[in-house]
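> Sequence and predicted structure below; questions after.
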Amino acid sequence: MSVFEKVRQKAANAAYRVVGLTARLAFHLLPARHAHALMKFLSFGPSIRLVDPIWRPMLLANHYRFLAADWVAYYERRVKTAPAMVRRVQMLIDTKQFDKAKELIPLAKDRVYARRVQEKQFMRVVDQEMIIELEEHGLTPRLEAAIIGRSSIGEYFYRRAWEAHTMLNGKRVLDCVRIYFLAVRFKPEVVAYCCDVLLKPNEQWNAIVQFVDKAREIHGRMPIEDPTFKKRREQRAVQNELLALKLLGLVNAARFTEAAAMIPAEPPQEMLPSIAAYHAALGQQEEATRVSSDALYILQENWTPAIRDKLGELVCALGVMMEEAREFDAARALYRRAYDIGGIKFYIPEPVYRYFSMMMANGEWDEAILVLRRAHLILWRSFAKLAKEPPAERIERGEYIPKAGALFLGGWGIGDEIMRLSILREARAPGGKYAYLCDPRFKAMFTRAMPDVEFFSNSRIFGPFRVSEEEYWRDREGAPIDSDLARVSELVMKKKEGYPDVALSEDLFYHFVAQKGAYRGSAKPLLTAMPDKVEAARKWLATLPSGVNIGISWRSGTRDIYRNKSYTEITNWGEIFAIPGLNFILLQYSDVSEELKEVEAKYGVKMHAMPGVDLKDDQEDIAGLCMACDIVLTPGTALRELAGALGARTWSLSTTPYYPDLWRIDPEDSVTDVLFPSIHHFTAMRHGSREAVLTAIAEELKTWRTQASAA
């Protein structure tokens, strides 16, 4: 290297360090958009090639993807090269600006054609064109062959699957995973991993079965590249893992006949947890216990994180079975063991919640608080950057609700948020400044309940307030990448500056548990229905036959074999439907058309649905219906919390002995809810079984109808 080249290299390195220092200072001292404008100004002239490798990665690392897209467009207009244009198109795709990306595809091709040696760039443009086609029109049979083996398309849709998972969009997760599997040729190890971490949490059980069958079919036809013993052993392990996933999918989809047919006489060790889950789902206690013991003996030799998760789920399933059999000591021991095995990787997983609920129901509050504290601090890891005071310090001194005020980040289901908001009303410090991030469907209702609290909502991609995916991600520009982006947005980042601190709605539940059973909600209703909605509901009810109006719901909108344990089948409500003089008002929000046809055919009972009311999204209308009905009869769903918060007469079918309700029932009478006193619980613990709960409700309805008629 000549002296001149050495001097030039040193000058370039010095300039690079200066630009890097300037970029870091600008980013930390100025708002991101102002820093972006400054870096554009500083890059004027030839120095843009020096600024680009510093500023663009910095924006992407801090989750400013739209600013990065703007920078890439600015850079492309300056340098006018094919790679720059291809990168610009990719950034538009990554920020969901598909129409703009589509417009630039011809220009990108022209740039590539002008430089014939750039075959790699040409293939990138072809992949981008295919990605846009798939984003706009979805996967069609004619495109399948064109996707197989296209790794760049696979990588893109793998990232998209995780984005959809973040947005709680299970259907979109499934669509993206399907394309990803095609692109990677259904590699068995990839299918096993994605089914486990993406499809299982979104309860896509039938899809798991389908994908496993496809992977096994393709894998069985492919030659072994390395026919060594180690390779064959690894392939057998993957095949067995796929079989275990398929069996678990069949069990959770309640396809028990197919599940039974695939259980071998001498199953491989990878299948043991799924086989035990099969027996547990059918209530075959002895078989489930035997297979579970075998799994624990054998698999502890290979104690990987994945195995720990499976064994934790398995032991929890045994605990559920014991709980259902009312063998509570055994259930408690199994829940505790499941907690020991699986640990806490996120806020209160199922085994931990069952164990935690049982501790509260037994009045063992100190042990319950010990478990909750661990889960709570793990949850806070994703939000700690937002807090002005370390959450652990505040929790340690017992200040679960900041006295000076806080912006509370809601984010769970609406039932949980209604419960937690009731705690905030009772427990907040006088004079504190509070805000609450809530579901947009409840913003107006919550504001009426607590006008001195600011309520606001993040954008979402579903429901009546949905926005485009581009707008959804634009609203999260600059949010901490490791936080829960369903809760943390650019709006939250701005709002938090106006409040003394940031808190989570789970902090409110922590406050409830910390009272060790002494907490009692106010008899004054938390929520109020709009008078015109109540009047409209009453006018419609007046058109029905004369009688007592019972609003009913019988299950969650999401079903699986374990969740169903907390609910009853509407076709088993014969004793209730046999009572004369009752009108049954439909408040069940999911598609129940087939169930209603079966009820009408079996019992001759017609459910009445108020015209024009969406029972999932029209929450103001639902509130009006709850207040207009004589009784709201529902299990532990969001409807129960809404009706209870309104002060409507609410009867809760709490049909599982402990999970999920006993800890919130007043021990003085074993009936009244401690959060919302207008809720009365009918529990399997008190009455003996699910069937006995329905019988008790039927008898109570007869008595109530007689009294109402006499009045």
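Perfect, I can see it now.
> Please list the outside residues in contact with the helix or strand hosting residue 56.
Per DSSP states H and E: residue 56 is located in helix 48-61. For helix 48-61, the external contacting residues (Cβ atoms under 8 Å, 6 or more residues apart in numbering) are 12, 15-16, 19-20, 23-24, 27, 32, 36, 39, 42-43, 65, 67-68, 71-72, 75, 78-79, 481. All C-beta spots, glycine's among them, are computed from the backbone N, C-alpha and C.
> Leaving out the residues flanking it, which one is nearest to residue 678?
Nearest non-adjacent residue to residue 678, counting by Cβ to Cβ, 6 or more residues apart in numbering: residue 647, 5.0 Å away.
> just for the stretch 501-650 of the chain, where's the confidence low?
Residue ranges of the stretch 501-650 of the chain with pLDDT under 70: 558-563.
> Going by residue numbers, what spans are helices in it?
Applying DSSP state H, counting those that start in this stretch to the stretch 501-650 of the chain gives helices spanning 505-514, 531-541, 574-577, 593-603, 619-628, 638-646.
> so which of those helices is the most packed in?
helix 638-646 (a mean of 27; mean count of other Cβ atoms under 10 Å).
> Who are the packing partners of the following helix or strand past that helix?
The helix or strand immediately downstream of helix 638-646 is strand 650-654, counting by DSSP H and E. Using 3 or more Cβ pairs under 8 Å, 6 or more residues apart in numbering; DSSP states H and E, the elements in contact with strand 650-654 are strand 631-634, helix 638-646, strand 679-683, helix 690-710.
> tell me how far the third one is from the chain's mean position?
In terms of Cα atoms, centre = their mean, to the nearest Å, the centre of strand 679-683 is found 28 Å from the chain centre.
> still on that earlier bit, closest one to residue 494 among the helices and strands packed on strand 650-654?
Taking Cβ to Cβ, helix 638-646 is the member of the helices and strands packed on strand 650-654 nearest to residue 494, at 29.2 Å.
> Check the offset of the helix holding residue 56 from the chain's centre.
34 Å.
> mean confidence for that helix?
Averaged over helix 48-61, pLDDT sits at 90.
> With stretch 339-353 instead?
Mean predicted lDDT for stretch 339-353 stands at 78.
> Would you mind pulling the contact partners of that stretch?
308-309, 311-313, 315-316, 319, 335, 338, 355-356, 371-372, 374-376, 378-379, 506, 562, 659-660.
> OK, contacts around residue 445?
By Cβ under 8 Å, 6+ apart, the contact set of residue 445 is 527-528, 619-620, 623.
> Tell me where the model's unsure across the stretch 51-200 of the chain.
116-118.
> Just the helices from it, written as ranges.
Going by DSSP H, counting those that start in this stretch, the stretch 51-200 of the chain shows helices at 65-79, 82-94, 98-114, 119-137, 141-147, 151-166, 170-183, 188-194.
> next one: the last one to chain centre, how far?
Computed by Cα atoms, centre = their mean, the chain-centroid distance of helix 188-194 equals 22 Å.
> Check the fifth one too.
A distance of 31 Å separates the C-alpha centroid of helix 141-147 from that of its chain, computed with Cα atoms, centre = their mean.
> For it, report the contacting residues that lie outside it.
Outside helix 141-147, the residues touching it (Cβ under 8 Å, 6+ apart) are 130, 133-134, 139, 153, 179, 182-183.
> for that helix, which positions count as buried?
Buried residues in helix 141-147, defined by neighbour count with 16 or more other Cβ atoms under 10 Å: residue 147.
> domain ranges for this protein?
Here the domain parsing of the chain from automatic domain parsing is 3-145, 146-362, 381-514, 531-710.
> How much space separates the closest residue to residue 78 other than its chain neighbours from residue 627?
Nearest non-adjacent residue to residue 78, counting by Cβ to Cβ, 6+ apart: residue 48, 5.3 Å away. Applying Cβ to Cβ, to the nearest Å, the value for residue 48 to residue 627 is 64 Å.
> do residue 174 as well
Counting by Cβ to Cβ - residue 174 and residue 627 are separated by 39 Å.
> one step back: take the helices of the stretch 51-200 of the chain and lay them out in a markdown table including distance to residue 520.
Converted to a markdown table, these look like this (distance: least, Cβ to Cβ, whole Å):
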| stretch | distance to residue 520 |
| --- | --- |
| helix 65-79 | 48 |
| helix 82-94 | 51 |
| helix 98-114 | 54 |
| helix 119-137 | 52 |
| helix 141-147 | 59 |
| helix 151-166 | 38 |
| helix 170-183 | 38 |
| helix 188-194 | 47 |
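> Counting neighbours, what do you get for residue 19?
Residues near residue 19, counting by other Cβ atoms under 10 Å, number 20.
> For residue 461, see how far away the residue nearest to the spatial centre of the chain is.
Nearest to the geometric centre of the chain sits residue 168, at 5.0 Å (Cα atoms, centre = their mean). Distance, residue 168 to residue 461, by Cβ to Cβ: 9 Å.
> go on, residue 218?
Per Cβ to Cβ, residue 218 is found 33 Å from residue 461.
> likewise residue 624?
28 Å.
> mind listing what's buried in the longest helix seen in the chain?
The residue-count maximum for a helix in the chain (DSSP state H) belongs to helix 3-29. For helix 3-29, burial by neighbour count (16+ other Cβ under 10 Å) applies to 19-20, 22-23, 26-27.
> before we move on, what about stretch 664-684?
Quick answer for stretch 664-684 (16+ other Cβ under 10 Å): 664-665, 672-684.
> swap in stretch 272-284?
272-282.
> likewise stretch 87-107?
Neighbour counts using 16+ other Cβ under 10 Å place 87-98, 101-102, 104-105 of stretch 87-107 among the buried residues.
> Check stretch 481-497 too.
Residues 483-485, 487-493, 495-496 are the ones in stretch 481-497 that count as buried (16+ other Cβ under 10 Å).
> Now, these that are in strands?
Members of the buried residues of stretch 481-497 lying in strands (criterion: DSSP state E): none.
> got CSV for these, with distance to residue 385 too?
As requested, the buried residues of stretch 481-497 are exported to CSV (distance: Cβ to Cβ, whole Å):
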residue, distance to residue 385
483, 7
484, 12
485, 13
487, 13
488, 9
489, 14
490, 15
491, 16
492, 12
493, 10
495, 15
496, 11
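> Identify, from those, the entry nearest to residue 615.
Using Cβ to Cβ, the buried residues of stretch 481-497 come closest to residue 615 at residue 487, 25.8 Å.
> contacting residues for the closest one?
Shown in contact with residue 487 (Cβ under 8 Å, 6+ apart): 383, 409-411, 437, 458.
> same thing with residue 499?
405-407, 433-435.
> And the residues you listed, which two are furthest apart?
407 and 433 (9.1 Å).
> Need the nearest residue in space to residue 639, chain neighbours excluded.
residue 553 (4.9 Å).
> any residues touching stretch 584-604, and which ones?
Taking Cβ under 8 Å, 6+ apart as the rule, stretch 584-604 contacts 541, 549-555, 557, 570-571, 573-574, 577-578, 605-610, 615-616, 622, 625-626, 629, 632, 634, 639.
> Quick one: distance of stretch 643-661 to the chain centre.
When C-alpha coordinates are averaged (Cα atoms, centre = their mean), stretch 643-661 and its chain have centres 23 Å apart.
> From the contact counts, what lies against the one helix or strand residue 215 maps to?
Using DSSP H and E, residue 215 maps to helix 205-221. Applying 3+ Cβ pairs under 8 Å, 6+ apart, one finds that helix 205-221 contacts helix 170-183, helix 188-194, helix 229-252.
> Make a markdown table from these and add distance to residue 345 and mean neighbour count to it.
Below are these laid out as a markdown table (distance: least, Cβ to Cβ, whole Å; neighbours: other Cβ atoms under 10 Å):
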| stretch | distance to residue 345 | mean neighbour count |
| --- | --- | --- |
| helix 170-183 | 19 | 21 |
| helix 188-194 | 16 | 20 |
| helix 229-252 | 19 | 19 |
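> Go through those helices and name the closest to residue 266.
That would be, of the helices and strands packed on helix 205-221 and by Cβ to Cβ, helix 229-252, which comes in at 12.1 Å.
> which of the residues in the following helix or strand past that closest one are buried?
Tracing the chain past helix 229-252, the next element assigned as helix or strand by DSSP H and E is helix 256-261. Neighbour-count burial for helix 256-261, with 16+ other Cβ under 10 Å as criterion, is recorded at residue 259.
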